[in-house]
Each structure stands twice: as structure tokens, then as C-alpha cells.
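Trainee: Need coordinates for the following:
(2 chains)
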Amino acid sequence: EAGVAQSPRYKIIEKRQSVAFWCNPISGHATLYWYQQILGQGPKLLIQFQNNGVVDDSQLPKDRFSAERLKGVDSTLKIQPAKLEDSAVYLCASSLDRVATQYFGPGTRLLVL
Amino acid sequence: AQSVTQLGSHVSVSEGALVLLRCNYSSSVPPYLFWYVQYPNQGLQLLLKYTTGATLVKGINGFEAEFKKSETSFHLTKPSAHMSDAAEYFCAVNPSGSRLTFGEGTQLTVNP
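Mentor: This is a model prediction of the structure:
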């Protein structure tokens, strides 16, 4: 069974630029999550989708971050404009439903200069 | 609101020694509890989880954890450490399907 796929794996941008990350969850998983993991910290949930609807985006900085999950499969996370403090690893995870085990992708490492 | 505290950001053990990584949680409802491992430049991999039933949970790679409600703890153990166990370990809580909250992580070093 294929795992959660993410791209790109690494991205370096300058502050005030925009960036987008892509995630393809495990086939059949209805729930998709985006996490931000700052160096030395545990992952923090940014947004949770159930199919193509948002379940929880209470910790998403909506003035600069946006995410969508069209057709309830792939998802993109965008940052516009980026700030220095956005440097982190962005992890995508998926699960069969909201209470099932979450499976994580390898992450996208973002460096904002 | 739920929270997770991992005692000790760095733990160092000798190869063959007992591994003990501590995790305490707070939750207003019965929690689901998880341990994940993260190797360098990789995503998180599930080691084990507790939802209901038996409080001693066995996971992959010889790890196990015991849910102690009275102590609000879910410590991770392994009888004999291997060099390949060196990684960062995260405890997480998910109260009945709500948001998964992670601890700050414990970096495990295994010395030859």
C-alpha cells in the first residue's frame, strides 16, 4: 500500500514570497491533516479536512495560510506572503476517519530567508 | 483542552540497556494515546496506540507502553536498546476523535 506522498521535499524562499505544498493521501482515507513542525518542537495541527470539508482550522494563520482539498483527495497548502518564522517542516497525514490512526508523509522542509 | 508533557528532551542509554521515555497527559475525556517515532528527514511512524481495553500495549520494534489512568501517564519502554532505536519519539493524545496533540518530543541516543 502506497503511503502519504508530499512534494516538494525541500523549499527555500525569501520572505514575502509565496509557496505551495502538495499532499496525496493514502487511497480511501477520508481525513487529511496538515501539521507544522518547528525545529525542536512537536507537530502542531494547522488544518483538518473530512473529505473536502474543513473540520478544524482553528490554528491556521488565515491571514497568510490557505489550504484546499478539491474532490476530497489531494490537498495543497499555501503560504502568502511567507515570514521568517514560517521556516519549519510541513507534514501531511491521512486517516480512514477522524478517530483512526494517522499516517504521515515525509514532510516538506521550508526555509524562509 | 488536552496537553502532553514529555519529561526529558534528551535521553541517552547504552546499547542493551532499558529504554524508558516518559509521557504524562491531561485530558477532560478518556483519551486515545499514541507514541510515534521520527527518524532524521522522515515523517512520523506509529509505534503503538491505546484506545480502550488492555492497558499494556505492545508495538513495533519491541516497544511497549502502559496506560495508567491514576497517574495520567503513558510511558514508553523497551527492555534492550539497539543502535537503530536512535531517533526522536513523540507522545500524542487524541481525546475521542478530536485534535491530535503532540508532546515536544524526546531525542533518544543509543551509545555503543
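Trainee: now the most centrally placed residue in chain B, nearest residue through space, not along the chain?
Mentor: By C-alpha atoms, centre = their mean, chain B has its centre lying nearest to B:W35, at 3.6 Å. Nearest residue to B:W35, sequence neighbours excluded (C-beta to C-beta, 6 or more residues apart in numbering or on different chains): B:L47, at 4.3 Å. The way it works is simple: take the backbone N, C-alpha and C, and place the C-beta from them, glycine included.
Trainee: Please pull up the helix or strand immediately following the helix or strand the residue nearest to the centre of chain B falls within.
Mentor: For B:W35, the host element (DSSP states H and E) is strand B:32-38. Moving toward the C-terminus from strand B:32-38, the next helix or strand (DSSP H and E) is strand B:44-50.
Trainee: ok so, going back, test my guess that the residue nearest to the centre of chain B contacts B:Q45.
Mentor: No - using C-beta atoms under 8 Å, B:W35 is not in contact with B:Q45; the gap is 10.0 Å.
Trainee: could you check the distance from the most centrally placed residue in chain A over to chain B?
Mentor: Geometric centre of chain A, nearest residue: A:W34, 3.1 Å, by C-alpha atoms, centre = their mean. Distance of A:W34 to chain B, given as C-beta to the nearest C-beta, to the nearest Å: 12 Å.
Trainee: from what I can see that residue touches A:K44, true?
Mentor: No - using C-beta under 8 Å, A:W34 is not in contact with A:K44, being 10.0 Å away.
Trainee: what bridges to A:Y10?
Mentor: According to DSSP bridges, the residues that bridge with A:Y10 are A:R109.
Trainee: Excluding sequence neighbours, find me the nearest residue to A:S66.
Mentor: In space, A:S66 is closest to A:K78, 4.9 Å off (C-beta to C-beta, 6+ apart).
Trainee: Give me the neighbour count for the one you found.
Mentor: Per other C-beta atoms under 10 Å in any protein chain shown, the neighbour tally for A:K78 reads 14.
Trainee: residues touching A:E85, list them.
Mentor: A:V112 (C-beta atoms under 8 Å, 6 or more residues apart in numbering or on different chains).
Trainee: Then A:Y103?
Mentor: A:Y103 makes contacts with A:G3, A:V4, A:I26, A:H29, A:A93, A:S94, A:S95, B:L46, as judged by C-beta under 8 Å, 6+ apart.
Trainee: do that again at 7 Å, thanks
Mentor: By C-beta atoms under 7 Å, 6 or more residues apart in numbering or on different chains, A:Y103 lies in contact with A:G3, A:V4, A:I26, A:A93, A:S94, A:S95.
Trainee: partner residues bridging it?
Mentor: Beta-bridge partners of A:Y103, counted by DSSP bridges, are A:S94.
Trainee: mind listing the strands for chain A?
Mentor: Along chain A, the segments classed as strands by DSSP state E run A:5-7, A:10-13, A:19-24, A:31-37, A:44-50, A:53-56, A:65-68, A:75-79, A:88-95, A:103-104, A:108-112.
Trainee: Adding mean pLDDT, write these out as TSV.
Mentor: Output for those, formatted as TSV (pLDDT from 0 to 100):
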stretch	mean pLDDT
strand A:5-7	96
strand A:10-13	97
strand A:19-24	97
strand A:31-37	95
strand A:44-50	94
strand A:53-56	91
strand A:65-68	96
strand A:75-79	97
strand A:88-95	95
strand A:103-104	92
strand A:108-112	96
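Trainee: okay if I get those as TSV plus distance to B:V13?
Mentor: Formatted as TSV, these follow (distance: least, C-beta to C-beta, whole Å):
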stretch	distance to B:V13
strand A:5-7	32
strand A:10-13	32
strand A:19-24	35
strand A:31-37	25
strand A:44-50	28
strand A:53-56	37
strand A:65-68	39
strand A:75-79	37
strand A:88-95	26
strand A:103-104	25
strand A:108-112	28
